[in-house]
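[1] Fold the following for me, if possible:
(2 chains, ligands or ions: 1)
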Amino acid sequence: MNVLAIDTSNQALGVAILNNDKVIGEIVTNIAKNHSVRLMPAIDQLMKEVSLTADQLDKIVVAKGPGSYTGVRIGLATAKTFAWALDIPIVGVSSLEVLAYQGRFFDGLICPFFDARRGLVFTGGYQWKNQKLELVFEEKNVAMEDVLSKLAEEKKNVLFLSPDIALHRENIKEVLGDLAHIPEGPYHVARPSLLGLAGVNRQADNTHALTPNYLRLAEAEANWLKAQEDKK
Amino acid sequence: MDKDTIILGIETSCDETAVAVVRNGTEILSNVVASQIESHKRFGGVVPEIASRHHVEQMTVVLEEAVQASNQTWEDIDAIAVTEGPGLVGALLVGVNSAKALAFAKQKPLVGVHHIAGHIYANRLEKEFTFPLLALIVSGGHTELVLMREHGMFEVIGETRDDAAGEAYDKVARMLNLPYPGGPHIDRLAHEGAASIDFPRAWLEEGSYDFSFSGLKSAVINKIHNAKQRAETLKNEDIAASFQASVVEVLTEKTLRAAREYQVKQVIVAGGVAANKGLRKELETKFADTGIPLLVPPIKLCTDNAAMIAAAGTIAFKQGRRSGLDLNANPSLLLK
Ligand SMILES: [Zn+2]
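    All right, here's what the predicted structure looks like:
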């Protein structure tokens, strides 16, 4: 089974092709450049490199966020149209879960996160148990401060994985001290091959119904809902 | 006989997710539009982030419906045309990236289309072009006069320097507490009132085909404000009629002058505001004794749709224009 994995949900652009759980090829760049311009050429290049044509693909796996709203939509629009046009299954995987895959051998809690500005982060809690990644804290858009105080109460080892680690490193160290584990640079950039691995054996989503994992309402919608509440 | 050219068009520049299949740039095989207007109504206007979210939810659904309704197979479809701009960038991005994925998956050529070229070519789905022709495009985002001497060549001879006509309509509608979108409500009220208030007409410099509606908008605000302070009552119907009279007179007069100067053989009206009855009637009256045919497409083709993108894309495709897999959304794309 040939799987194409696509991740444009955050700054890194990642494309991978797997044959079942074997990686055939992978392209990752971690630069602030336009995903819309670069995604299709990257897919085209990788497909040529591994001598595959579009009709030989059997499954699409896409990182569905959280992350940049625009980035997530570029990935989903591309992946969903691919799946529909080729009539093959699609699987959406949380972008936080992809990061948590990079803590495969960590014995403890994994806290992947993306900075969401104004002190907020998109985050969730994951843990590897019996070779399986489990979600232990629901994914949310929350204040990093609250996340850290909650983790401090747990008194457990925590692995932090995030492309935005630099923004929060000091704060994490200050609150959690030696319980906080922060690896070197490459572990913080999502690998599309791991995205492919996360999705390869998962039950397919409905192509039409698959939507981004924004974790946050659009501002106008949030304000509108609040106004409706206030009226009551 | 030449082989048919069948183009699939995609349009997502604002709040409509649209896909259509068109034969030879003149015949609609399918034309599906998923409007988001109900969702945006509660905000009193289009919210870009919400529009982008809806597009990503609707895209493959609309694609499927349009392809099925066209009764064409993928072998029949020659190319994918997509609106690359102008418009809301986040909204455009969904269409552009879907189009690229589709072109790649089905191994079809990709053609980027200018949204306004689409509006003009909507007319070719009704009647063949005769050049030179003049197009007046009026919508929520545009007020332009475009001269065409041949297929695929566009000269913008006049454009708005501030608000688009449709924008002015929406703003005045808001002042009169009319629901969104306000254009049709103003048009309706205008027919019940009298153009008794003398609002300014922005003619700009001698010979200019440009437009300006911000002065008119301010004049309407001031008038309402002053009346309130003096406890005078102004009838909304009269405000609407007077405002509309100003917009329509400027649009009609400039179109007429340009049509004469460039000795055009056809005048085309396009864009959402082309549905305005007041504007249609005045244009029809003014052009009746000029001998220049005036074309206004049915409302369904005036508002945003993808059949117009496929129609414009047909010409671009036949002229050998192709877009690469690096095609991007361009919110301020120029018409050339
Ligand atoms: Zn339009």
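
[2] residue contacts, the residue positioned nearest the centre of chain A?
    The centroid of chain A falls nearest to residue A:95 when counting by CA atoms, centre = their mean (1.0 Å). Residues in contact with residue A:95 (CB atoms under 8 Å, 6 or more residues apart in numbering or on different chains) are A:7, A:9, A:10, A:63, A:64, A:65, A:66, A:67, A:72, A:114, A:190, A:213. Every C-beta, even on glycine, is put in place using the N, C-alpha and C of the backbone.

[3] next one: residue A:133
    Residue A:133 touches A:97, A:100, A:101, A:126, A:127, A:198, counting by CB under 8 Å, 6+ apart.

[4] sec struct for it, please.
    strand (DSSP: H, G, I helix; E, B strand; the rest coil).

[5] what about it, distance to chain B?
    26 Å (CB to the nearest CB, to the nearest Å).

[6] Report the beta-bridge partners for that residue.
    Beta-bridge partners recorded for residue A:133 (DSSP bridges): residue A:128.

[7] where do the strands sit along the stretch 201-336 of chain B?
    B:266-270, B:294-295 (DSSP state E, counting those that start in this stretch).

[8] Burial-wise, tell me which of these comes out on top.
    Burial of these is given as mean neighbour count (mean count of other CB atoms under 10 Å in any protein chain shown); strand B:266-270 ranks first at a mean of 25.

[9] separation between the residue nearest to residue A:168 when sequence neighbours are not counted and chain B?
    Sequence neighbours aside, residue A:144 is the residue nearest to residue A:168 in space, at 5.8 Å (criterion: CB to CB, 6 or more residues apart in numbering or on different chains). Residue A:144 sits 23 Å away from chain B, going by CB to the nearest CB.

[10] Look at residue A:144 and report its pLDDT.
    If you check residue A:144, the pLDDT there is 97.

[11] show me what contacts it?
    So residue A:144 contacts A:113, A:119, A:120, A:121, A:123, A:168, A:171 (CB under 8 Å, 6+ apart).

[12] Also residue A:30?
    Neighbours of residue A:30 in contact, by CB under 8 Å, 6+ apart: A:11, A:12, A:163, A:189.

[13] Report how many residues lie close to residue A:1.
    When neighbours are defined as other CB atoms under 10 Å in any protein chain shown, residue A:1 has 13 of them.

[14] Identify each of the strands in chain A and give its residue range.
    A:2-7, A:13-19, A:22-29, A:59-63, A:90-93, A:109-115, A:120-129, A:132-143, A:158-161, A:180-181 (DSSP state E).

[15] Now do the phi/psi pair for the residue of the stretch 151-300 of chain B found nearest the ion.
    Closest approach between the stretch 151-300 of chain B and the ion, counting by CB to the ion: residue B:271, at 5.7 Å. When read as degrees, to the nearest 10, the backbone of residue B:271 gives phi 100, psi 160.

[16] Tally up the residues packed near it, please.
    Around residue B:271 there are 28 residues (other CB under 10 Å).

[17] OK, contacts around the nearest residue to it once chain neighbours are set aside?
    Distances taken as CB to CB, 6+ apart place residue B:139 nearest to residue B:271, at 3.4 Å, with adjacent residues excluded. Residues in contact with residue B:139 (CB under 8 Å, 6+ apart) are B:119, B:164, B:165, B:166, B:271, B:272, B:273.

[18] again with residue A:73
    Here residue A:73 is in contact with A:212, B:52, B:53, B:55, B:56, B:90, B:93, B:94, B:97 (CB under 8 Å, 6+ apart).

[19] Next step: these restricted to helices.
    B:52, B:53, B:55, B:56, B:90, B:93, B:94, B:97 (DSSP state H).

[20] How is chain A partitioned into domains?
    A:2-94+A:190-218, A:96-188 (automatic domain parsing).

[21] can you list the residues of chain B near chain A?
    For chain B, the residues in contact with chain A (CB under 8 Å from any CB of the partner chain) are B:42-43, B:47, B:49-50, B:52-53, B:55-57, B:59-61, B:63-64, B:90, B:93-98, B:100-102, B:104-107, B:324-326, B:328-329.

[22] Within the helices and strands, which one has residue B:181?
    Counting by DSSP states H and E, no helix or strand carries residue B:181.

[23] Distance check, the residue nearest to it when sequence neighbours are not counted against residue B:204.
    Residue nearest to residue B:181 in three dimensions, not counting chain neighbours: residue B:170, with 6.3 Å by CB to CB, 6+ apart. Taking CB to CB, to the nearest Å as the measure, residue B:170 falls 22 Å from residue B:204.

[24] If you count surrounding residues, which of those two has more?
    residue B:170 (22 against 15).

[25] For the more buried one, give me the pLDDT.
    pLDDT recorded at residue B:170 is 89.

[26] Please list the outside residues in contact with the helix or strand containing it.
    Element membership of residue B:170 [criterion: DSSP H and E] is helix B:165-175. Residues outside helix B:165-175 that contact it (CB under 8 Å, 6+ apart): B:44-45, B:138-143, B:163, B:179-183, B:185-186, B:211, B:213-214, B:216-217, B:220-221, B:224, B:239-240, B:243, B:247, B:251, B:271-273.

[27] Also stretch A:104-114?
    Counting by CB under 8 Å, 6+ apart, A:10, A:66-67, A:95-97, A:99-100, A:103, A:121-128, A:136, A:144, A:147, A:151, A:154, A:156-164, A:168, A:181 sit against stretch A:104-114.

[28] Mind listing what's buried along that stretch?
    A:106, A:109, A:110, A:111, A:112, A:113, A:114 (16 or more other CB atoms under 10 Å in any protein chain shown).

[29] Kindly export that stretch (C-alpha atoms) in CSV.
    Output of stretch A:104-114 as CSV, limited to C-alpha atoms (Å, rounded to 0.1, in the frame of the first residue of the first chain):
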residue,chain,number,x,y,z
ARG,A,104,8.4,7.0,20.9
PHE,A,105,11.0,5.9,23.5
PHE,A,106,10.2,8.3,26.3
ASP,A,107,8.9,6.7,29.4
GLY,A,108,6.6,9.3,30.8
LEU,A,109,4.2,12.1,29.7
ILE,A,110,4.7,13.8,26.4
CYS,A,111,3.6,17.4,25.9
PRO,A,112,3.6,18.5,22.3
PHE,A,113,2.5,22.0,21.7
PHE,A,114,2.3,24.9,19.2
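
[30] what's the offset of that stretch from the middle of its chain?
    In terms of CA atoms, centre = their mean, to the nearest Å, the centre of stretch A:104-114 is found 13 Å from the chain centre.

[31] Give me the distance between residue B:163 and chain A.
    22 Å.

[32] what's near enough to touch the closest residue to the ion within the stretch 201-336 of chain B?
    The stretch 201-336 of chain B approaches the ion most closely through residue B:304 (4.4 Å), counting by CB to the ion. Contact partners of residue B:304, counting by CB under 8 Å, 6+ apart, are B:11, B:13, B:14, B:16, B:18, B:33, B:115, B:272.

[33] could the contacts of residue B:139 go into CSV alongside distance to residue B:285 and pLDDT?
    Listed next are the contacts of residue B:139 as CSV, based on distance: CB to CB, whole Å; pLDDT from 0 to 100:
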residue, distance to residue B:285, pLDDT
B:119, 23, 95
B:164, 24, 89
B:165, 19, 91
B:166, 22, 89
B:271, 20, 90
B:272, 22, 86
B:273, 17, 89
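
[34] who's in contact with residue 123?
    I went with chain A, as the question did not name one. Here residue A:123 is in contact with A:96, A:111, A:112, A:113, A:114, A:137, A:139, A:140, A:142, A:144, A:147 (criterion: CB under 8 Å, 6+ apart).

[35] Sorry, I should have been clearer: chain B.
    Residue B:123 neighbours (CB under 8 Å, 6+ apart): B:129, B:135, B:268, B:270, B:295, B:297, B:301.

[36] Find the nearest non-adjacent residue to it, please.
    Residue B:123's closest residue in space is residue B:268 (CB to CB, 6+ apart), at 4.7 Å.

[37] thought that neighbour was touching residue B:295?
    Yes - counting by CB atoms under 8 Å, residue B:268 touches residue B:295, with 4.9 Å between them.
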